[in-house]
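Participant: Structure of the sequence below:
(chains A, B, C and D)
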Number of protein chains: 2
Amino acid sequence: MGTTPQTGETGKQLALTALRKAIGAGDMVPGQRLVEAELAELFGVTRASVRAALLELTAAGLVERVPNRGARVRLVTVPEAVAITECRMVLEGLCAAKAAELGTDEQIAELISLGEAMRRAVADGEPMKYSALNRDLHARVREIAAQPVASELLDRLQGQLVRHRFRLALRAGRPAKSLSEHLAIIAAIADRDPAGAEAAARAHLRSVIDALEESDG
Amino acid sequence: MGTTPQTGETGKQLALTALRKAIGAGDMVPGQRLVEAELAELFGVTRASVRAALLELTAAGLVERVPNRGARVRLVTVPEAVAITECRMVLEGLCAAKAAELGTDEQIAELISLGEAMRRAVADGEPMKYSALNRDLHARVREIAAQPVASELLDRLQGQLVRHRFRLALRAGRPAKSLSEHLAIIAAIADRDPAGAEAAARAHLRSVIDALEESDG
DNA sequence: GTCACAAGGATTGTTGACAATATGTCCCGC
DNA sequence: GCGGGACATATTGTCAACAATCCTTGTGAC
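Facilitator: Residues are numbered from 1 along each chain as shown, chains lettered A, B, ... in the order given. I've put the predicted structure just below:
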């Protein structure tokens, strides 16, 4: 879903994916000006396409636009990242509770095996693999919760944190702490305990917030 | 904030406010096609402005767009309204808890007087005034909570519910129930009790969800 | 030396025309 | 009578040129 860079895309879609990738990869640093004409030439599309893409990214919260002064890559400060994560906290809590309510046996078995894979990744010292599994787990929980609205909001919030999440994954000792929190979420969902699942999800993101606040600078 | 129809607006802003108003007022019914050229002539702006406005409204969740087939007013089903309200529930819970934490004495005094005004509005049988005060209260709580991120998400969600909220306000007996729930939220915030405020806010929106589900059709 | 002001340059916002795409219809073959 | 394919139409997506706006820089008066 996230990665569909089909060749036959329309100009706007092309500009959109290109810009998303560039911002995510850090090629465009926060605060950098995004001049429509430059981007148009860079991506080989017209200014109108770039313009549409910039509008969409503005709505997604990735770029900032001032009426007659242009667009810049949005800078997400640490306090803002904390506020975003607080919202994620309650929304993921909602999803975890719903998942505990609605999950089928097979879905829960999948979650458990995902948890096992995460445990192995940490044991083997593969932070990148762990990070990928981490995303899988959150996505899976949201899918089970069958809450498209919450899921969309979470996507939106997540999109603004690419830079911070990247920094966080590299902190020593973080994966081990994160792992036990994730396993607690899985256990509560497996127990069909909505309140417990919500509490576990919240505890996890509270811990992410603490880590964020320590790492300011 | 919501109503700024300044005359000197740019074309896109003009189209945006006009479309918002038209959809909110019900002039454009859900499912209705929104043809760019028609709207452009109707509002006296160019197609590009209408286009930009439609993109923004799509991001806001008010209209639906399929790539080469145009835009329609988005239809929000009752189950979807429930899902939206569930998200509101946890986010407003977060804001209420934060408000209980951060509110100054004056701010809390304001909330209490707002609650008094609501009580009077119900006693006097003025549902419209009550509804306005209701919006004021929620806005005020969010302002005290100082959570721009959550606030923005709530705005977005609220925007999709205009039609349903309208129907809900007219239900008999609803204001009285709603009033006591609101007073409970205010009391918990005044007691500086974050957990209690969150629980009260959740209880309130849970009751809204129940009312929504009863009123399907 | 500093402030006010005006010209210049760069960038966004707008306009109208053009191309691409999807839908609906009609006719033809079976 | 029914299904399939080509045409006509309506609508969106794209393009290049124009107008409006804002920032910068340079100049002159005090």
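Participant: When you work out contacts or count neighbours from here on, use the C-alpha atoms and nothing else.
Facilitator: Fine.
Participant: Surely A:Gln13 is within a helix?
Facilitator: Yes: assessed by DSSP: H, G, I helix; E, B strand; the rest coil, A:Gln13 belongs to a helix.
Participant: isn't it right up against A:Ala53?
Facilitator: Yes: the pair A:Gln13 / A:Ala53 is scored as a contact, 7.3 Å apart, by C-alpha atoms under 8 Å.
Participant: who's more crowded, these two?
Facilitator: A:Ala53 (23 against 17; other C-alpha atoms under 10 Å in any protein chain shown).
Participant: That one sits in which helix or strand?
Facilitator: helix A:47-60 (DSSP states H and E).
Participant: A:Pro127 - how many residues pack around it?
Facilitator: A:Pro127 has 18 nearby residues by other C-alpha under 10 Å.
Participant: hang on, isn't it packed against A:Ala169?
Facilitator: Yes: in this structure, A:Pro127 is within contact of A:Ala169 by C-alpha under 8 Å, at 7.3 Å.
Participant: tell me, what's touching these two both at once?
Facilitator: A:Pro175 (C-alpha atoms under 8 Å, 6 or more residues apart in numbering or on different chains).
Participant: Would you mind naming what in chain A lies close to chain B?
Facilitator: A:52, A:55-56, A:59-60, A:80, A:83-84, A:87, A:90-91, A:94, A:147, A:149-150, A:153 (C-alpha under 8 Å from any C-alpha of the partner chain).
Participant: I'd assumed A:Arg65 was in a strand, is it?
Facilitator: Yes: assessed with three-state DSSP, A:Arg65 lies in a strand.
Participant: Leaving out chain neighbours, which residue sits closest to it?
Facilitator: Leaving aside its chain neighbours, A:Arg65 sits nearest to A:Ala71 (4.4 Å; criterion: C-alpha to C-alpha, 6 or more residues apart in numbering or on different chains).
Participant: Could you identify the helix or strand that succeeds the helix or strand hosting the one you found?
Facilitator: Here A:Ala71, judged by DSSP H and E, is contained in strand A:70-73. Sequence-wise, the next helix or strand downstream of strand A:70-73 (DSSP H and E) is helix A:78-102.
Participant: Show me how far that following helix is from its chain's centre.
Facilitator: 12 Å (C-alpha atoms, centre = their mean, to the nearest Å).
Participant: how near is the residue of chain A positioned farthest from its centre to A:Val208?
Facilitator: Distance from the C-alpha centroid of chain A, by C-alpha atoms, centre = their mean, peaks at A:Asn68 (30.8 Å). To A:Val208, A:Asn68 is 38 Å away according to C-alpha to C-alpha, to the nearest Å.
Participant: now A:Leu19
Facilitator: From A:Leu19 to A:Val208 the distance is 28 Å (C-alpha to C-alpha).
Participant: ok so, going back, neighbour count says what about the residues of chain A next to chain B? Which are buried?
Facilitator: A:52, A:55-56, A:59-60, A:80, A:83-84, A:87, A:90-91, A:94, A:147, A:149-150, A:153 (16 or more other C-alpha atoms under 10 Å in any protein chain shown).
Participant: what two of these are the furthest from one another?
Facilitator: A:Ala52 and A:Leu94 (33.4 Å; C-alpha to C-alpha).
Participant: which intervals of chain A have sub-threshold pLDDT?
Facilitator: Applying pLDDT under 70 to chain A flags the ranges A:1-9, A:172, A:216-217.
Participant: Close to DNA strand D: what parts of it are there?
Facilitator: A:10-12, A:45-49, A:68-69 (C-alpha under 7 Å from any atom of the strand).
Participant: returning to what we had before: sort out which one of the residues of chain A next to chain B lies nearest B:Glu38 for me.
Facilitator: A:Ala52 (20.4 Å).
Participant: Quick check: chain neighbours aside, which residue is closest to the closest one?
Facilitator: Excluding the flanking residues, the one nearest A:Ala52 by C-alpha to C-alpha, 6+ apart is A:Lys12, at 6.4 Å.
Participant: again, but for A:Ala22
Facilitator: That would be A:Met28: by C-alpha to C-alpha, 6+ apart, it lies 5.9 Å from A:Ala22.
Participant: Would you list the buried entries among the residues of chain A next to DNA strand D?
Facilitator: Buried among these (16+ other C-alpha under 10 Å): A:11-12, A:45-47, A:49.
Participant: got JSON lines for the residues you listed, with distance to B:Leu137 too?
Facilitator: Output for these, formatted as JSON lines (distance: C-alpha to C-alpha, whole Å):
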{"residue": "A:Gly11", "distance to B:Leu137": "45"}
{"residue": "A:Lys12", "distance to B:Leu137": "41"}
{"residue": "A:Val45", "distance to B:Leu137": "47"}
{"residue": "A:Thr46", "distance to B:Leu137": "46"}
{"residue": "A:Arg47", "distance to B:Leu137": "44"}
{"residue": "A:Ser49", "distance to B:Leu137": "42"}
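Participant: between those, which is closest to B:Ser215?
Facilitator: A:Lys12 (41.3 Å).
Participant: how close does that closest one sit to A:Ile112?
Facilitator: 40 Å.
Participant: what do you get for A:Arg33?
Facilitator: From A:Arg33 to A:Ile112 the distance is 45 Å (C-alpha to C-alpha).
Participant: quick one, what contacts A:Val208?
Facilitator: Counted by C-alpha under 8 Å, 6+ apart, A:Val208 has contacts A:Thr85.
Participant: Just want the angle from the one helix or strand it maps to to helix A:78-102.
Facilitator: According to DSSP H and E, A:Val208 maps onto helix A:194-214. Interaxial angle of helix A:194-214 relative to helix A:78-102 (axes from the mean of the first three to the mean of the last three C-alpha atoms, to 10 degrees): 160 degrees.
Participant: which parts of helix A:194-214 are buried?
Facilitator: Neighbour-count burial for helix A:194-214 [16+ other C-alpha under 10 Å]: A:194-209, A:212.
Participant: Which one of the buried ones among the residues of chain A next to chain B is nearest to DNA strand D?
Facilitator: Comparing those against DNA strand D with C-alpha to the nearest atom of the strand places A:Ala52 closest, at 7.5 Å.
Participant: Alright, that wraps it up for me.
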